[in-house]
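Student: dropping the sequence and predicted coords here.
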Amino acid sequence: MASSSSSSLSSSLQQQFNDNSENNNNFDLLPRVDFDKTEIVASTKWMRLETLSYLVPNSNNEMASQSPQQQQQQQPRPAAALRKWDRVVRTTKHSETSVDAVVILATLRHSIANSNIHKNGSNNSEKGDEIVCVQQYRPPINAFTLELPAGLIDLEDVTTNTTNTANGDDDDDNDDNNLIQTQEAAIKSAALREFTEETGYIGTISSMTIGPLTYLSPGLTNECACLVKLDVDMTHEQNVRVYNNYMKDISSAHAHDDGDGGENRCANTMEESERERELTTVLFPKVGLLAALQEYVQRKNNDDGGRRENVKLFTGLFSLAVGMSIMEEEMKLLASSSSGGSTTAMTTTASTNLPSLFSPDTNPMLAASSPTTTATTTTTTDFPLVQLQFMDSNNNNRRIPTKSTSHAITSALRTSGFVLIQSPTLFPWELQQRALSAARQFLESEKALLSNKVVSHPSDPKVYAMLQGMDSVCFVDQDDGDSTTFTTTTTKQHDLPTSSLAPDAAAAAAAAAAISASDATILDDLKEWYKAMRQTRSVLLHCLAIGLGMSSSSSSSSSSDDDAQSYFNNLHQENNDALRLIKYHPGDDTTGNRCKEHSDYGTITLLLNDGVAGLEAHVNGKWRAVPYVEGSIVVNVGTLLSEWTRQELKATLHRVAGPASSDSCNTAMEREALMESVRRERISMAYFADPDVVVSVSLSNTNTAAMMKKKEDGVLANDEKSGIETMSVSDYIRWRSGGSGQDRSGVAFTSLEESRLGEDGGEWGEMNET
Ligand SMILES: O=C(O)CCC(=O)C(=O)O
Ligand SMILES: [Fe+2]
């Protein structure tokens, strides 16, 4: 930039600069500090305030653009101007260029524990890696901060390592090498020590890398640090212990405030100074780090179970998270463009999200008291990913979705009927993995298979089980939806007895007994997921009421919040929701579809799967792969909600593709990718939100209405004119579930089948279940 400035400096001045500068001797082009002129303004045990004198070259550009003659003709002018600058220096600093501190980026490698499951008995095989952060009180800002663990480098680190590496050789090159090695060793030992002191974990150096010297706030101080990357090996006994304590803390925090998150106080390894700083460890998922941080900060600053904490972010951590989120977006775009999404328009990209992060009035981290107005949406326009964000609320523990979250979700459900959502608060990655693992274990447990809790699907290559209920969530016996039940029991009394849908405590106990006591945690994990999904359903229905403009006013008064909250949720008070656990068997070329095309029949469906590809939705005349994004779940609309909204929200056909659905593959490679996932087992969990059975619904779908009419014609007095357009939800569910309605087996219809059934009256027995 100032490439010609050296020519304007007299050689004596230049010499003076060189002599006076303790460092940067070889960088002629910089303004130079005259360290001899440094005034010490104030000094304490830890810090010094100094006023520096430095020289700035004059008018570089002007001089450079002139010819040598022009330059000679000009009046001599001072080549440089003297300037002052105040700075803070740590008294612990050894020299102008020595490193003050280490900052530690430590990854909890559950993935490493994976390959060693048998060694330590840890069963976190499904868990995603986590970043270790610390929260502590920082007096200068009178707030808590979330930071990467860090520590000052002690003189001890350097001297210990100097003696270790000194070899008596007085060769200059060797001295330099020794110095570098010494510094490196000092940095490593400081990083390992500080990390364990602050977090209790033992860092390993399998992927240890040391970054260059970086400057933390160069306008203020010459303080500098090296970033050290560490792994936390989760086969290490101490690490497992610290982690288990942390998880215990989290779940007791859960039990206490029904909230989320928790901290590990690591009391046993803590030094007095750390205790005074109220230092705690907090783990965040590596994938989705930015959203998780945002949510944590927002929650802490609002009301975390009655305790507001005023938490701020360390710049380095925030920058890291932004960088990682940019990378995640890039990867997602790559993934969706290479997995059949090539025909999908991709208009929303990471770059469009970033401005909102930096705008004080939209960013919850910058202005914790203002609600966010911009949702973070990514991936494709067909299947956007929305991070659920909530408004500030002084209503204890009530989560009010922001307008932008609500509009992003509603808009996706209007367009494709599908949306991906992420919320580390409502359904953290850790819980997802626990639930999937519990589902797998349940579906494979012999007792469950012997009981009628788990059944094989009559045509698709899968087994499934249903979990239902309110206070005592339990498994539902699966009989085969006896088709005769419907025709023989149909009367004018349309509403199903509530008890058949909400099993009682005795049934719950019986179901629980069906799996042995040692399997109790399986049931607990599944119930936890069920409850998380019930909360998520409630939030989503709140979003939809806001997004569809169902609240009475647009002001953010609590009454309109209540209106929107209850608009759809009031129709879901009986808790008829059901969670279906599904295991698709490993297939081959002869496997048909893993789940034939259908639309869901209820309000909304919340889908979690284990990442094995296959879910496809029929959007704009084409089958498109619904992307899998770690940490997110898929939401889609059922027919009832679609009907309620006069088809404003789309109940989109979807399927789990097998070899029979190669129409979605554009290339041989895509087909091979599909086959690769077909050959793998696939676990998914579909949470169906269903309305109360007493609700009536007007069906505008003529095929459905015609079908209903014909069905009723067969049983009831033949009345061609009445009851065609309206039926109760119970009738509708009964119709869609192929009989009794009790087992919610989820009979699926293609639109083709609906019309065929409409024409000829149809046969319940011909319908396939999803
Ligand atoms: O397994 C899946 O991913 C989808 C299942 C599904 O659509 C259903 O059960 O309704
Ligand atoms: Fe479905």
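Tutor: Yep, it's here. Ligands and ions are numbered 1, 2, ... in the order given.

Student: tell me which element the residue in the chain that ligand 1 sits nearest to falls in.
Tutor: Here the chain gets closest to ligand 1 at one residue, residue 684, 3.4 Å apart by CB to the nearest ligand atom. (Glycine included, C-beta is placed from N, CA and C.) Element membership for residue 684, per DSSP states H and E: strand 682-689.

Student: could you dump that strand to PDB, C-alpha only?
Tutor: Taking C-alpha atoms only, strand 682-689 is exported to PDB below (Å, rounded to 0.1, in the frame of the first residue of the first chain):
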ATOM      1  CA  ARG A 682     -32.700 -46.800   7.900                       C
ATOM      2  CA  ILE A 683     -34.300 -45.500  11.100                       C
ATOM      3  CA  SER A 684     -36.800 -42.800  11.100                       C
ATOM      4  CA  MET A 685     -39.200 -41.300  13.600                       C
ATOM      5  CA  ALA A 686     -42.400 -39.600  12.400                       C
ATOM      6  CA  TYR A 687     -44.300 -37.600  14.900                       C
ATOM      7  CA  PHE A 688     -47.900 -37.000  13.600                       C
ATOM      8  CA  ALA A 689     -49.700 -34.100  15.100                       C
END
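
Student: show me what it is packed up against.
Tutor: Identification of packing neighbours for strand 682-689 by 3 or more CB pairs under 8 Å, 6 or more residues apart in numbering; DSSP states H and E yields helix 429-444, helix 520-547, strand 578-584, strand 604-609.

Student: direction included, what does that strand pair against?
Tutor: Using DSSP bridges, strand 682-689 pairs in its sheet with strand 578-584 (antiparallel), strand 604-609 (antiparallel).

Student: end-to-end on stretch 136-154?
Tutor: Start and end residues of stretch 136-154 are separated by 21 Å (CA to CA, to the nearest Å).

Student: quick check: buried residues in that stretch?
Tutor: 136, 144, 145, 146, 147, 148, 149, 150, 151, 152, 153 (16 or more other CB atoms under 10 Å).

Student: wait, isn't the third one in contact with residue 138?
Tutor: Yep, that's residue 145 we're talking about. Yes: with contact defined as CB atoms under 8 Å, residue 145 counts as touching residue 138 (5.0 Å).

Student: identify the contacts common to these two.
Tutor: Shared contacts of residue 145 and residue 138, defined by CB atoms under 8 Å, 6 or more residues apart in numbering, comprise residue 312.

Student: circling back to that earlier point, any chance of the helices and strands packed on strand 682-689 in JSON lines, with mean pLDDT and mean neighbour count too?
Tutor: Below are those laid out as JSON lines (pLDDT from 0 to 100; neighbours: other CB atoms under 10 Å):
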{"stretch": "helix 429-444", "mean pLDDT": "92", "mean neighbour count": "21"}
{"stretch": "helix 520-547", "mean pLDDT": "93", "mean neighbour count": "21"}
{"stretch": "strand 578-584", "mean pLDDT": "93", "mean neighbour count": "24"}
{"stretch": "strand 604-609", "mean pLDDT": "97", "mean neighbour count": "24"}
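
Student: export the ones you listed as a markdown table, with columns for distance to residue 692.
Tutor: Shown next, in a markdown table, are the helices and strands packed on strand 682-689 (distance: least, CB to CB, whole Å):
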| stretch | distance to residue 692 |
| --- | --- |
| helix 429-444 | 26 |
| helix 520-547 | 13 |
| strand 578-584 | 14 |
| strand 604-609 | 15 |
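
Student: which of these sits closest to residue 405?
Tutor: Closest to residue 405 of the helices and strands packed on strand 682-689, according to CB to CB: helix 520-547, at 6.1 Å.

Student: residue numbers of this structure in contact with ligand 1?
Tutor: 580, 582, 595, 600, 607, 609, 615, 654, 656, 684, 686, 746, 770 (CB under 6 Å from any ligand atom).

Student: recalculate using a threshold of 5 Å.
Tutor: Within the chain, the positions adjacent to ligand 1 are 615, 656, 684, 686, 770 by CB under 5 Å from any ligand atom.

Student: tell me the bridge partners for the third one.
Tutor: Listed beta-bridge partners, residue 684: residue 582, residue 609 (assigned using DSSP bridges).

Student: just to revisit the earlier point, farthest pair in the buried residues of stretch 136-154?
Tutor: Spatially, the most separated pair among those is 144 and 153, at 24.6 Å (CB to CB).

Student: still on that earlier bit, between the strands paired with strand 682-689, which one is nearest to residue 227?
Tutor: The nearest among the strands paired with strand 682-689, by CB to CB, is strand 604-609 at 34.8 Å.

Student: after the closest one comes which helix or strand?
Tutor: strand 615-619.

Student: what comes into contact with that following strand?
Tutor: The contact list for strand 615-619 (CB under 8 Å, 6+ apart) reads 382-383, 416-418, 597, 607, 609, 623-626, 628, 634, 636, 652-657, 661, 664, 684.

Student: how far away is residue 591 from residue 54?
Tutor: 74 Å (CB to CB, to the nearest Å).

Student: same drill for the two, tell me which one is more crowded.
Tutor: residue 54 (21 against 18; other CB atoms under 10 Å).

Student: looking at it, the more buried one is touching residue 34, isn't it?
Tutor: Yes: counting by CB under 8 Å, residue 54 touches residue 34, with 6.7 Å between them.

Student: can you get me a residue count around residue 291?
Tutor: As a burial measure, residue 291 scores 25 neighbours (other CB under 10 Å).

Student: next up, the contacts around it.
Tutor: Neighbouring residues of residue 291 by CB under 8 Å, 6+ apart: 325, 376, 387, 422, 424.

Student: now the helices: where do they sit in the stretch 451-600 of the chain?
Tutor: Listed in chain order, the helices found in the stretch 451-600 of the chain under DSSP state H, counting those that start in this stretch are 483-489, 498-501, 505-514, 520-547, 558-569.

Student: just the residues contacting stretch 104-111, thanks.
Tutor: For stretch 104-111, the surrounding residues in contact (CB under 8 Å, 6+ apart) are 124-125, 127-132, 148-150, 191, 194-195, 199, 201, 203, 207, 227-234, 239, 243, 283, 286, 320.

Student: buried ones among those?
Tutor: Among these, the ones that count as buried by 16+ other CB under 10 Å are 124, 127-132, 148-150, 191, 194-195, 199, 201, 203, 227-234, 239, 243, 283, 286, 320.
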